[in-house]
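[1] predicted model follows, preceded by the sequence.
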Amino acid sequence: MFTLLICFSSSQSSLNSCKGGGTTMLTKIALCRTLLSGPTVCLFPGISYLQDSGLLLHLLPVHLCQQSLLPARLKNSNPLLTAMRKMYSLVLFVVGSFCLNGSMAADAEEKLMNHLLSPDRYNKLIRPAVNSSQLVSIELQVSLAQLISVNEREQIMTTNVWLNQEWIDYRLAWKPSDYEGINKLRIPAKHIWLPDIVLYNNADGTYEVSLYTNAVVMNNGSIRWLPPAIYKSACKIEVKHFPFDQQNCTLKFRSWTYDHTEIDMVLKTSTASMDDFTPSGEWDIVALPGRRTVNPLDPNYVDVTYDFIIKRKPLFYTINLIIPCVLITSLAILVFYLPSDCGEKMTLCISVLLALTVFLLLISKIVPPTSLDVPLIGKYLMFTMVLVTFSIVTSVCVLNVHHRSPSTHTMPPWVKLVFLERLPAYLFMKRPENNSPRQKPCHYKKTKAENPCMEPSDFYKNSTYFLNTASAKRYDMKVSETPDNVSSRRDFRLRTGAKFSPEVQEAIDGVSFIAEHMKSDDNDQSVIEDWKYVAMVVDRLFLWIFVLVCVLGTVGLFLQPLFQNHTAAINP
């Protein structure tokens, strides 16, 4: 039985009789419940209302009130307070009804909680099975909230997942009609039996969930527990196609103490849920299949494994690693186009080699130190370093050929044939003509008799002849024409030397020496130029070979990931 008590008082003693203490000039209204034992217990909380004519209508919790106080106080009340009582009676009735309903519902939930978890009927340490042979079926489903990171070097995947677990505990069943229609109850997880399912391939030592949330218990005894957890699981990283790689990391769940003879772990759905997934900036989710594993050789073994198939987004590594490596490799191509006379070929080669070595060190800090596979970017760097090393060797050979001379090397005939006549045409090279006055080519007539082509030595011989003729005319000497069968300057001098004076003969010998020296210098210079041209042809040959190998090697290496059997990424 519920009674509405309205206590009007202007004295301290009257208030003390109603509440056991208070302040003066207060109107106290309390909703009380009469118990079977006699005293009235107030249930309505304190609420402050309007203050009118110096009187404050105040609702305070009154612990123990006597019903006999009500008539006496009402008789002594003035008309103003009587009007106020009538005005607020309806409001208090409505508010009191809501409070009573909430109090009754709270009482029903508390009563149900006490009934279900009473020590005489429930023990959280006991498996919820009717008998020892009954299996408790645990339905599992992983809900992926976030893929936090994948540490390639330590081979650890960090994920934020919700582990949905559902089972039936017959001891937690009730009839809703007995408890004000309550059909759902939230019980702290530590107060009920749990299947102690943990992550088996854990990598940091934290096997259990991080937060023990409430478990939702239905009236038929079914329990749904959804604890959030941040798992760090071991993941074998495949670095073969890095940074265009695809990884398969697993989450293996199993009960820590119960085996297959006591609980049965089943998949609720064939794939993990991505309803609340936050996309990652580095990885795309390809697939999240789940599987139940039973060992036929061990009947006690059962687990549930989820495969996290993820694919890397390669844009970051393309901008920061691949493009710089390709540009550095293109600098190595320019080594063969650089003239040998500048003296910077070796400097450029070694600089490119050092730059590639730095990038190789950066790669070694990212990928795991495994000997099973070499990452794709590592293969490309090694390929480029081999080419640059080859360019250094060829540059040394080219510089050696470039600085050869007749005094150190003799050009073999096959070198002249291959590098001076045949290869330049195939390499689109054309040697310019020599327009030097001393080496200008002769234009032959139809016959040598009309205009014989003179070699430089013949030119100098004829110059000596003209000098001798001029000297003879100067000294009134008759000089016959040089016969055609004169084969050398020595023969010519023996035939004509007797006709000149010693001074003239000395001058002739000096001019002849100068002519022979100039002829020798021209021949040596011609051979030196031939060696330089051979070095240029070798440089051009290796330039085309280097370009061809670089293009084919780059395309061949970076097209390998396209032939992987990849599945399209899942868009949450």
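    Arrived safely. Keep in mind that what you see is a predicted model, and the values were worked out from it rather than measured.
[2] contacts, neighbours, all on C-alpha from now
    OK.
[3] what separates Ser391 from Thr329, distance-wise?
    Per Cα to Cα, to the nearest Å, Ser391 is found 11 Å from Thr329.
[4] list the contacts of the nearest residue to Val374 once chain neighbours are set aside.
    Using Cα to Cα, 6 or more residues apart in numbering and skipping the chain neighbours, the partner closest in space to Val374 is Lys240 (5.6 Å). By Cα atoms under 8 Å, 6 or more residues apart in numbering, Lys240 lies in contact with Asp373, Val374, Pro375, Leu376.
[5] can you pick the most crowded of the residues you listed?
    Among the contacts of Lys240, the one with the most neighbours (other Cα atoms under 10 Å) is Pro375, at 22 neighbours.
[6] spit out the contact partners of the residue lying closest to Ala173 once chain neighbours are set aside.
    Once flanking residues are discounted, Ala173 sits nearest to Gly221: 4.2 Å by Cα to Cα, 6+ apart. Taking Cα under 8 Å, 6+ apart, we find Gly221 in contact with Ile168, Asp169, Tyr170, Arg171, Leu172, Ala173, Trp174.
[7] from Val326, how far off is the second one?
    Going back to what we said before, that points to Asp169. From Asp169 to Val326 the distance is 64 Å (Cα to Cα).
[8] for the last one, same thing?
    Trp174 is 72 Å from Val326, where distance means Cα to Cα.
[9] which residues are in contact with Arg254?
    With contacts defined as Cα under 8 Å, 6+ apart, the neighbours of Arg254 are Ile197, Val198, Leu199, Tyr200, Val302, Asp303, Val304.
[10] how about the residues you listed in a markdown table, adding pLDDT?
    Below are the contacts of Arg254 laid out as a markdown table (pLDDT from 0 to 100):
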| residue | pLDDT |
| --- | --- |
| Ile197 | 91 |
| Val198 | 91 |
| Leu199 | 91 |
| Tyr200 | 90 |
| Val302 | 92 |
| Asp303 | 93 |
| Val304 | 95 |
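[11] how about Ser280, secondary structure?
    Here Ser280 is coil, with the state taken from DSSP: H, G, I helix; E, B strand; the rest coil.
[12] surely it and Leu147 touch.
    Yes. Taking Cα atoms under 8 Å as the definition, Ser280 is a contact partner of Leu147 at 6.3 Å.
[13] the two - which one has more neighbours?
    For Ser280 versus Leu147, neighbours defined as other Cα under 10 Å are more numerous around Leu147 (23 against 14).
[14] in space, what's closest to the more buried one - neighbours in sequence excluded?
    According to Cα to Cα, 6+ apart, the nearest residue to Leu147 is Thr159 (4.7 Å).
[15] check what pLDDT the one you found gets.
    Per-residue pLDDT puts Thr159 at 94.
[16] and the gap between it and Tyr231?
    As judged by Cα to Cα, Thr159 and Tyr231 stand 5 Å apart.
[17] looking at those two, which one has more neighbours?
    Tyr231 (25 against 19).
[18] work out for me the element the more buried one sits within.
    For Tyr231, the host element (DSSP states H and E) is strand 228-234.
[19] with Lys252 instead?
    In this structure, Lys252 is located in strand 246-255 according to DSSP H and E.
[20] same question for Val239.
    Going by DSSP H and E, Val239 is not in any helix or strand.
[21] show me what contacts the residue lying closest to it once chain neighbours are set aside?
    Nearest residue to Val239, sequence neighbours excluded (Cα to Cα, 6+ apart): Pro375, at 4.9 Å. By Cα under 8 Å, 6+ apart, the contact list for Pro375 reads Val239, Lys240, His241, Phe242, Pro243, Val367.
[22] ok, now His403?
    Counting by Cα under 8 Å, 6+ apart, His403 touches Ile528, Trp531, Lys532.
[23] the second one should be in a strand, yeah?
    No. Read with three-state DSSP, Trp531 is helix and lies in no strand.
[24] pretty sure it contacts His402?
    Yes. Counting by Cα under 8 Å, Trp531 touches His402, with 5.9 Å between them.
[25] the two: who's more crowded?
    The residue with more neighbours, out of Trp531 and His402, is Trp531; 27 against 21, by other Cα under 10 Å.
[26] element containing Tyr317, please.
    If you go by DSSP H and E, Tyr317 is part of helix 315-317.
[27] how close does Ile514 sit to Gln505?
    From Ile514 across to Gln505, the span is 14 Å (Cα to Cα).
[28] okay, the two: which has more neighbours?
    Just comparing Ile514 and Gln505: by other Cα under 10 Å the higher neighbour count belongs to Gln505, 18 against 12.
[29] so the more buried one lies in a helix, does it not?
    Yes. Using three-state DSSP, the assignment for Gln505 is a helix.
[30] distance check, it against Leu427.
    Distance from Gln505 to Leu427, by Cα to Cα: 53 Å.
[31] check Gly556 too.
    Distance, Gly556 to Leu427, by Cα to Cα: 25 Å.
[32] and what of Lys345?
    In this view, Lys345 and Leu427 are 21 Å apart by Cα to Cα.
[33] between the two, point out the one with more neighbours.
    Lys345 (22 against 12).
[34] wait, the more buried one sits on Leu338?
    Yes. Using Cα under 8 Å, Lys345 makes contact with Leu338 at a distance of 6.5 Å.
[35] leaving out the residues flanking it, which one is nearest to Arg193?
    Careful, residue 193 is Trp; it's not Arg. Trp193 sits nearest to Lys124 (Cα to Cα, 6+ apart), 4.4 Å away.
[36] tell me the SS of the one you found?
    coil.
[37] give the contact list for it.
    Contacts for Lys124 (Cα under 8 Å, 6+ apart) come out as His191, Ile192, Trp193, Leu194.
[38] nearest to Gln155 among those?
    Of all the contacts of Lys124, Gln155 sits closest to Leu194, with 30.9 Å by Cα to Cα.
[39] ok, that closest one - how many residues close by?
    19.
[40] how about the secondary structure of it?
    Per three-state DSSP, Leu194 ends up coil.
[41] so where's the stretch 301-450 of the chain uncertain?
    For the stretch 301-450 of the chain, applying pLDDT under 70 flags the ranges 433-450.
[42] show me where it has its helices.
    Listed in chain order, the helices of the stretch 301-450 of the chain (DSSP state H, counting those that start in this stretch) span 315-317, 323-333, 345-366, 376-402, 413-415, 423-426.
[43] among those, which comes closest to Met265?
    Proximity to Met265 (Cα to Cα) singles out helix 345-366 among the helices of the stretch 301-450 of the chain, at 37.9 Å.
[44] that closest one vs helix 323-333, what angle?
    160 degrees (axes from the mean of the first three to the mean of the last three Cα atoms, to 10 degrees).
[45] which secondary structure elements does helix 345-366 sit against?
    Judged by 3 or more Cα pairs under 8 Å, 6 or more residues apart in numbering; DSSP states H and E, the packing partners of helix 345-366 are helix 323-333, helix 376-402.
[46] can you pull the buried residues of it?
    Residues Lys345, Met346, Leu348, Cys349, Ile350, Val352, Leu353, Leu356, Phe359, Leu360, Ile363 are the ones in helix 345-366 that count as buried (16 or more other Cα atoms under 10 Å).
[47] could you dump those to a markdown table with distance to Val398?
    Formatted as a markdown table, the buried residues of helix 345-366 follow (distance: Cα to Cα, whole Å):
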| residue | distance to Val398 |
| --- | --- |
| Lys345 | 10 |
| Met346 | 11 |
| Leu348 | 15 |
| Cys349 | 13 |
| Ile350 | 16 |
| Val352 | 19 |
| Leu353 | 19 |
| Leu356 | 23 |
| Phe359 | 29 |
| Leu360 | 29 |
| Ile363 | 33 |
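[48] of all the residues you listed, which two lie farthest apart?
    Of all pairs in these, the most separated under Cα to Cα is Lys345 and Ile363 at 27.7 Å.
[49] mind giving me the domain ranges of the protein?
    For the chain, the domain assignment from automatic domain parsing gives the residue ranges 2-116, 136-313, 316-403, 430-524.
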